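**Q** Following is a predicted model, sequence given first.
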Amino acid sequence: MSTATQHPTTPAATAYPSPSLLRLATAGSVDDGKSTLVGRLLHDTKSVLADQMAAVEQASRRRGWTGELADLALLTDGLRAEREQGITIDVAYRYFATARRSFILADCPGHVQYTRNTVTGASTADVVVVLVDARNGVVEQTRRHLAVIGLLRAPHVVVALNKIDLVEDAEAVHAGVSADVAALARTFGIEDVRVVPVSALLGDNVVERSSRTPWYAGPTLLELLETLPAESEVDEPLRFPVQLVIRPQQGAVDPAFVDYRGYAGHVASGAVSVGDEVVVSPSGLRTTVTGIDRGGVSVERAEAPLSVTLRLADQLDISRGDLIAGAAEAPHPVQQAEAVLCWLAEAPLVPGARVLVKHGTRTVRARVTALHERLDVAAMEVVPVTGGAELNDLVRVSLTLAEPLPLEDYALSRDGGSLLVVDPHDGTTLAAGMVGAELRV
Amino acid sequence: MTTLTRETAYLEETADRPTAGTDLLDALESEAVHIIREVVAELERPVLLFSGGKDSVVMLHLAAKAVWPARVPFPVMHVDTGHNFPEVLAFRDATVERLGVELVVASVQDYLDDGRLRERADGTRNPLQTLPLLDAIEEHRFDGVFGGGRRDEDKARAKERVVSLRDAFGQWDPKNQRPELWRLYNTRHRPGEHVRVFPLSNWTELDIWRYIAREGIELPELYYAHEREVFERDGMLLSPGPWTTPRKGEEVTTRTVRYRTVGDMSCTGAVLSEARDVDAVIAEVAATTITERGATRADDRISEAAMEDRKKEGYF
């Protein structure tokens, strides 16, 4: 008989060490060999098991594949329509691990009409891998991907310069692409970008170092992914959006807890310790943290991204949607904001639209009062909006909120500066918003 | 061999050491707890699908941690094919009793008895679960249904959102899913629609086992190696019983086996294993060369798109 739930063991017991986690996203089209690269990463890290490989080999033969290895792209296309059409329609999630790290990979289709997929993958990524075909160098689509990744502020970008086996002077191509990419990174505000020459098809510099690139002294793609620092919000100010008030009364697991009152949420950024003074937004009331519980275990300190429950010194009026912040660095609730929206819906956005905005754990009514300029991703120009915004448009807007929200600059906090725009009638997700962001080309 | 630069020399020195960062299990647990709490806060009538299988046991454990020291504030539901391992059924009832949660049973057998469903030619009842599941969701007006599905299990699951909309007919439209960004989950839906919620989306089989070890979570005994009478069919070891009678030429022998998944007894296979405790299972899973479903589920071997087709109709 287990009593684990009532009396959980200490978390992070040293007896069961587990690796750290890195979230990555890939961007690029089928033609760049992205699916092959992802398949190669999975295959060469031995994350593809025998029955999966057998199925892929069988499917490759059925489709007339004559290459030595199976068509690794088939490892990642999950839907019937994708296999039939030979394209990737939607973001797929893959998992692989090495001794150093576990990886969650969001595999994003890269066609121009799928900007929403790149935005989705990049929103949670520590690292985005962008595919560039060595025969073509930096093309329009590369610029588009880097513009979106810069806007979403993924901490690291790795350009996989693919098909180096198909170009004459790979070293010169690598140097040229590196210079082009560095210039674009400056334009789009990407702080860390590296270019790794690879052949996904042959496996060069993906996991194993290549003998074809003696001039390249840097790490392989996997070595980079294993060692790049994961995004850490621990050094940012404390932000703790309250999800639930836990007040079990007669519904407690033990009569000892009938008077328990705690505020459940996750440490979105920063860290919190017992004894810290905190301020509650939007009320502005101050109090002190008297306890931190992690599913029945009391801890002294919790840092991002842990989910915990806080106990506070005073019985304040705090409910879902409130934000608990460090007393010295609390955000100011606002009712007017400017944001860049990535419009995700088929129906166009028009000025004056009535929507819902979800920020942290609070959802409020809002109006999109004005549309300013949009990024024309085909022409790579920022142009004034005439009329409305369409699916996949990146557009800067003004928002008026029915109730104040503690919005922060997305550049300073991915968590505090991100919002969803939702259709009040049917609940459709209409847009992803980045507060205070600018459109650049 | 090229001369090592300082960077590559460092890489080789540290190759078998974990990179610093958030502990994987802490990150996965916190993500799942966050998801569960969002659903408890935003939906009126959540329910958690609970079969007594390891993933649903872990999910219920996470739900209990998410709301501690309150009791789990929603019922659990078992879509019962009628082909149960008796020890799993006993485990299910004991767990529900211990946590003080309400159990709803949707019974495939009832549907077969009154003719609303008919047995399939191949005898498997897993695909038959969809109708009783959807009827129970409608009858109880459940608007958020927690499932233990993991994206690493299947290609179609790899495309599924954490919070995934189902239309008024319970159908999944894989080509028209809501984008899911940051940690902002959208649970909104129209009356009659509901959302399926998968808090374990980002967990792998190995993560599940490491977490079971770390938390000391109890499971049905058949997840660990034991002696059992089995016979081989289509490369799988099946346990003879009222629903799986050995055919001519299928010899019943006693082997040391364990189950990697626990489902409908007629189509869930055992694997040869000496792993009698959780540490041994972790070692075995880490070294395996066959996927969980490939090794143990006859119904998923039918076609490349077996899972996608079932999911579109409203399956888990």
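**A** Looks like it arrived, so ask away.

**Q** going forward, measure contacts between C-alpha atoms and count neighbours the same way
**A** Will do.

**Q** Report the distance from stretch B:264-274 to the chain centre.
**A** Relative to its chain's centre, stretch B:264-274 lies at 15 Å (Cα atoms, centre = their mean, to the nearest Å).

**Q** actually stretch B:136-145, not the one I wrote
**A** For stretch B:136-145, the distance to the chain centre is 19 Å (Cα atoms, centre = their mean).

**Q** Now it: buried residues?
**A** Under the neighbour-count criterion of 16 or more other Cα atoms under 10 Å in any protein chain shown, stretch B:136-145 has B:136-138, B:141-145 buried.

**Q** again with stretch B:29-42
**A** B:29-40, B:42.

**Q** of those residues, list those near chain A.
**A** B:30-31, B:33-34, B:37-38 (Cα under 8 Å from any Cα of the partner chain).

**Q** that older thread, looking at the buried residues of stretch B:136-145, which two lie furthest apart in space?
**A** Greatest spatial distance among those (Cα to Cα): B:Ala136 and B:Gly144, at 12.5 Å.

**Q** what residues does the longest helix anywhere in chain B touch?
**A** In chain B, with assignment by DSSP state H, the single longest helix is helix B:24-42. Residues outside helix B:24-42 that contact it (Cα atoms under 8 Å, 6 or more residues apart in numbering or on different chains) are A:11-12, A:18-21, A:102, A:243-244, A:265-266, A:305-307, A:320, A:361, B:46, B:62-63, B:65-67, B:73, B:144, B:185, B:187, B:199-200, B:202-203, B:207, B:210-211.

**Q** Out of the buried residues of stretch B:29-42, which comes closest to chain A?
**A** Within the buried residues of stretch B:29-42, proximity to chain A (Cα to the nearest Cα) peaks at B:Ser30, which comes in at 4.7 Å.

**Q** and which of the buried residues of stretch B:29-42 is nearest to A:Asp126?
**A** B:Glu31 (15.8 Å).

**Q** Which pLDDT value does the model give that closest one?
**A** For B:Glu31, the pLDDT comes out at 96.

**Q** which regions of the stretch 51-200 of chain B lie under the pLDDT threshold?
**A** Applying pLDDT under 70 to the stretch 51-200 of chain B flags no residue at all.

**Q** Just the strands from the stretch 251-400 of chain A, written as ranges.
**A** Applying DSSP state E, counting those that start in this stretch to the stretch 251-400 of chain A gives strands spanning A:262-266, A:271-273, A:277-281, A:286-294, A:297-299, A:301-303, A:307-312, A:323-326, A:334-343, A:354-359, A:362-376, A:381-384, A:394-405.

**Q** Give me the mean pLDDT for the fifth one.
**A** Throughout strand A:297-299, pLDDT has a mean value of 94.

**Q** Give the partner strands of it in its sheet and their orientations.
**A** Paired neighbours of strand A:297-299 in the sheet (DSSP bridges): strand A:286-294 (antiparallel).

**Q** In space, what's closest to A:Thr428 - neighbours in sequence excluded?
**A** A:Val422 (5.7 Å; Cα to Cα, 6 or more residues apart in numbering or on different chains).

**Q** What of A:Glu390?
**A** Per Cα to Cα, 6+ apart, closest to A:Glu390 is A:Pro348, 4.8 Å.

**Q** got it, and A:Arg374?
**A** For A:Arg374, the spatially nearest residue (Cα to Cα, 6+ apart) is A:Val395, at 4.1 Å.

**Q** returning to what we had before: got TSV for the strands of the stretch 251-400 of chain A, with mean neighbour count too?
**A** Formatted as TSV, the strands of the stretch 251-400 of chain A follow (neighbours: other Cα atoms under 10 Å in any protein chain shown):
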stretch	mean neighbour count
strand A:262-266	26
strand A:271-273	22
strand A:277-281	21
strand A:286-294	19
strand A:297-299	15
strand A:301-303	19
strand A:307-312	26
strand A:323-326	25
strand A:334-343	21
strand A:354-359	22
strand A:362-376	19
strand A:381-384	14
strand A:394-405	21
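
**Q** nearest to A:Arg62, of those?
**A** Per Cα to Cα, nearest to A:Arg62 of those: strand A:334-343, 39.3 Å.

**Q** any bit of that closest one sitting next to chain B?
**A** No. Legend: contact between strand A:334-343 and chain B by Cα under 8 Å from any Cα is lacking; minimum distance shown is 10.8 Å.

**Q** Just the C-alphas of that strand, formatted as PDB.
**A** Output of strand A:334-343 as PDB, limited to C-alpha atoms (Å, rounded to 0.1, in the frame of the first residue of the first chain):
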ATOM      1  CA  VAL A 334      -1.700  49.000 -17.300                       C
ATOM      2  CA  GLN A 335      -4.900  49.400 -19.400                       C
ATOM      3  CA  GLN A 336      -3.300  50.600 -22.600                       C
ATOM      4  CA  ALA A 337      -0.500  48.700 -24.400                       C
ATOM      5  CA  GLU A 338       1.200  48.300 -27.700                       C
ATOM      6  CA  ALA A 339       2.100  44.900 -28.900                       C
ATOM      7  CA  VAL A 340       3.200  43.000 -32.000                       C
ATOM      8  CA  LEU A 341       0.600  40.300 -32.800                       C
ATOM      9  CA  CYS A 342       1.200  37.300 -34.900                       C
ATOM     10  CA  TRP A 343      -2.300  36.800 -36.400                       C
END
